[in-house]
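S.K.: structure of the sequence below:
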Amino acid sequence: MTSFVEGLTSPEMEIAEGGVILDNRTRFADLKAMLDSNKDNLKVDAMKRIINLIAKGKDVSELFAAVVKNVAAKNVELKKLVFVYLVRYAEEQQDLALLSISTFQRALKDPNQLIRGSALRVLTSIRVPMVAPIMLLAIKDAVRDMSPYVRKVAAHAIPKLYSLEPELEPQLVDCIDFLLADRRSLVLGSAVYAFDEICPHRLDLLHKHFRALCRGLADVDEWGQIVMINMLTRYSRHELADPDRSPPDTDIVLLLNSARPLLQSRNCSVVMAVIARALVRLLRGPRETQYVVLTNIATICEQNPTMFDPFLKSFFVRSCDSSLVKQLKLHVLTSLVSESNVHIILRELQTYVHMSDLASPAVEAIGRCAVRVGAVSDQCMTGLVQLISSSDEKVVCSAVVVIKRLLHASAPLNLLSRLMRLMPKMIAAQARACVIWLVATHVDQVIHMAPDFLRLIAKKFSTESELVKLEALKLAVKLWLVKRDDSEKIVQYVFQLARFDLSYDVRDRCRFLRNLMFNTEILSQHMEEIFMSKKPAPELISSFKERDQFQLGSLSHVLNQRCTKYIDLPEFPAASSDPTLRKEAHAPNELKLDEDSDEESGEEEDEDEEEDEEESGEDSEDDDDEEESEEESEEDEDEEEVEEEEEEEDKSVNGKSKPSESNALDLLIDVDFSAAGSRQIMNPTHIESKEIELLNVIEGQGLSLSISYPRINDGQYTAIRFGITNKTDEDLEGIELKSAEGLDVKGNSRIERIPAGSRVSVDLLIDFGDSATSREWILSRDDGQQKHFRFEVPYGEQVQPIRLSSEDISKEKSRLGGLNRHVIQLEHPIDASRIPEVVNVFRSEDSGVFTCQTRSRKDVCILTLNGEKTIECCCDNSVIGRMLAFAVSKNC
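M.R.: As a prediction, the model looks like this:
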């Protein structure tokens, strides 16, 4: 019996519906036999059953070996199903997946775009660092694929590779930059997602893409629109001036006009993103968005309450609103209250008092109106006093609490006496405590009634709530101070009750007050100053006032606390960056097959579409992908002529040969993954650097400005020497150089005085982050004159020389292959002696090899002269390597 029970609990056994015991080994043996057969239809049926089991949450990982054998099948439908399985289990079965990596690489060259995309998905699902170079080469090929579907898959593969090897960020950023220039909306949303995951702070990459992204906003998929709106908003806050303080920039107008149509989106998250980022006044929308919309509006009203005045009636409560929405609308109404509309709002609030779910919030809203508009405080007080006699206990409680807030400074005797008479009928502890607080605060006005009032409280002291007891002790102390003769016995009785109360807080408060009154001579002399002094009135603080530190619509804003991965919006700059930065660049190459290949792939896609229609519901993930890819293929035919014209231009500028599949496989086998040898940073050879004029005497308003590069090796900082010459007839004071983009700068950039006709040099150390992007600087004077200028530092000055042994150089060159290796053939011989003038390098023992590394990321770069007319550059950062090779070929 025991063995039978153990058998039932074995992982190989499973109880199916109806109590039938199934042996998974037998069932999977059937599937394995079908997968091992020679008939494609049996294999397809087996894979469909396996995918069906996966969809139901069953574990079929033990079939991995049988499935992976069919990865090289010629049947397109079978291959697609195999890839769907491999995407699910490749991460769990790393060893078996590695054995088939060459098959995946061959599939990357398959004529069918769905197979290429699926192969890339499987390849990037293998979480083994050793395969990262192969993944990188595959992604670099895929971002330039002719199919927008494959380029989309490549964009989603970039974050997966980054999570596996963060050191590959520079190369992945280059791929993202390429994808951001893609014309297809199918690709653009995924490219923006990859940017947001890998380098959300590299806003400099968006300069040339900003306008194209704005125009493509309406065509991107819904979830891509959300990420894109967030990204474009952060860029605008960082690069464009505040439109409220300066005339609206054309780029700001472009962004807002592009976002406006998204208010009609069927996706609530898209609508919310537009509202939160663009602050569009949407007051009616799907119920899912109303709460967050009103939260945004309530926050805005704290800073600019007049913005929503024309829409006042839109915030009136409707019966279909949820309770949270109703309360938020009341808060917004009281935030918008002013002398011109207060009577309209009060009439509306009076109707809410009679609603069961809005009575208490409406009473509190009336109190806030009285505080904000002093002219109606008496009218509000009259209405609140009438509510005290209401039969609704919640209304009475709220009215008393609001009255307490309004009567802090002074209170009429008739109102106090009325509250004291109604006190026995009040049930809510908060209302009873408020009445006692009012009597204690204004005890001098009801000095004859207060002792009897305390006597009534003492009768039920043991049954009162803790809040009421604490307020009663406070009233007893004040009676002891102002009318001790008539109230001494009742005060001692109340303290005696509190001394033995069940509540710790009441006993502690009683002990503190007794010692203060009877046992401490010094403090007892100042009791009247402590208890009877005038206290400041409580401020009306909104819970939404502190939320303006968070982005509207974000989770941090809704919860009013900073959440994980929250990114602050940057402040608007004083002036917009140069609009020419956002001049659109050429779109990337969009490769096309010849007409015959197009026809063949079109026939295959038609067959795939028919097959997918027959098996809809079983292969959901691939169905969605195929529909998108087929829609894009139809768009290809419409745009064929335009693409053919642009293709020739792109090829002439960007055309490069792709690394072959065999090269990629060789990289996996031959690459040395061990750490590189130690690098010795060398002092640069002294070279007279040339000065470059940035501002002439006219542009600099009497000052001329030039720069040079003294080549001082100081870690990640590049040394720049600014030469400032005063060409006026007067001495100039308070000259300062500063970065307009917040670069990390070391050194004193301020010059107190420059005599007439004199020249002063300013040496600064600047961290450019291995970027040759043009940076904006400001030359300012104490008299208020400012001059904005821009310059870029060539990559040759942003590297530092390092010494590598011959063995280390060989290892680095073998490691840096593929797209990290650049070769340029020249027509004229290269003068090797001039290379150190162009690039800050170290000339190794082999006179034809020069070594350096970037300052920020410490990427190794090796320049090699292969003969007199060939320059080769191997660099971790392919962009920097290409630019260094080009600089040498051009200037040497």
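S.K.: C-alpha from now on. contacts and neighbour counts both.
M.R.: OK.
S.K.: show me how this protein divides into domains.
M.R.: 26-272, 275-409+552-561, 414-536, 681-796, 797-889 (the TED database).
S.K.: weakest of those domains in terms of mean pLDDT?
M.R.: Per-stretch mean pLDDT for the domains of the chain is lowest at domain 275-409+552-561 (a mean of 75).
S.K.: distance of the most centrally placed residue in the chain relative to residue 205?
M.R.: By C-alpha atoms, centre = their mean, the chain has its centre lying nearest to residue 567, at 4.9 Å. For residue 567, the distance to residue 205 (C-alpha to C-alpha, to the nearest Å) stands at 18 Å.
S.K.: residue 52 too?
M.R.: Residue 52 is 44 Å from residue 205, by C-alpha to C-alpha.
S.K.: gap between the residue of the chain positioned farthest from its centre and residue 451?
M.R.: Distance from the centre of the chain peaks at residue 485, with 68.3 Å (C-alpha atoms, centre = their mean). Distance of residue 485 to residue 451, given as C-alpha to C-alpha: 11 Å.
S.K.: three-state assignment of residue 245?
M.R.: Under DSSP: H, G, I helix; E, B strand; the rest coil, residue 245 falls in the coil class.
S.K.: just to be sure, residue 473 is in a helix?
M.R.: Yes. Under three-state DSSP, residue 473 sits within a helix.
S.K.: burial of it, as a residue count?
M.R.: 22 (other C-alpha atoms under 10 Å).
S.K.: wait, a helix at residue 347?
M.R.: Yes. Looking at residue 347 with three-state DSSP, it is inside a helix.
S.K.: measure residue 87 to residue 189 for me?
M.R.: 22 Å.
S.K.: tell me which element residue 176 is part of?
M.R.: helix 169-180 (DSSP states H and E).
S.K.: by contact count, what packs against that helix?
M.R.: With contacts taken as 3 or more C-alpha pairs under 8 Å, 6 or more residues apart in numbering; DSSP states H and E, helix 169-180 sits against helix 132-142, helix 148-164, helix 185-198.
S.K.: the longest one relative to helix 132-142, how many degrees between them?
M.R.: In other words, helix 148-164. In terms of direction (axes from the mean of the first three to the mean of the last three C-alpha atoms, to 10 degrees), helix 148-164 departs from helix 132-142 by 150 degrees.
S.K.: need the residues that contact helix 148-164.
M.R.: 113-114, 116-117, 120-121, 124-125, 127-129, 132, 135-136, 139, 142-145, 168-169, 172, 176, 179, 184, 186-188, 190-191, 193-194, 197-198, 625, 628-629, 632 (C-alpha atoms under 8 Å, 6 or more residues apart in numbering).
S.K.: give me the buried subset of the residues you listed.
M.R.: 113-114, 116-117, 120-121, 124-125, 127, 132, 135-136, 139, 142-145, 168-169, 172, 176, 179, 184, 186-188, 190-191, 193-194, 198, 629, 632 (16 or more other C-alpha atoms under 10 Å).
S.K.: just checking, residue 690 touches residue 708?
M.R.: Yes. Contact criterion C-alpha atoms under 8 Å: residue 690 and residue 708 qualify, at 6.0 Å.
S.K.: out of the two, which sits in the busier spot?
M.R.: Neighbour count, other C-alpha under 10 Å: between residue 690 and residue 708, residue 708 has more, with 18 against 12.
S.K.: which of the helices or strands spans residue 401?
M.R.: Under the assignment here (DSSP H and E), residue 401 is part of helix 393-406.
S.K.: okay if I get the domains of the chain as CSV plus distance to residue 576?
M.R.: Shown next, in CSV, are the domains of the chain (distance: least, C-alpha to C-alpha, whole Å):
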stretch, distance to residue 576
domain 26-272, 4
domain 275-409+552-561, 18
domain 414-536, 46
domain 681-796, 10
domain 797-889, 27
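S.K.: report how many residues lie close to residue 57.
M.R.: Residues near residue 57, counting by other C-alpha under 10 Å: 9.
S.K.: am I right that it sits in a strand?
M.R.: No. Counting by three-state DSSP, residue 57 falls outside a strand, being coil.
S.K.: phi first, then psi, for it.
M.R.: phi 90, psi 10 (degrees, to the nearest 10).
S.K.: run through the residues that contact it.
M.R.: Contacts of residue 57 were listed using C-alpha under 8 Å, 6+ apart, and none were found.
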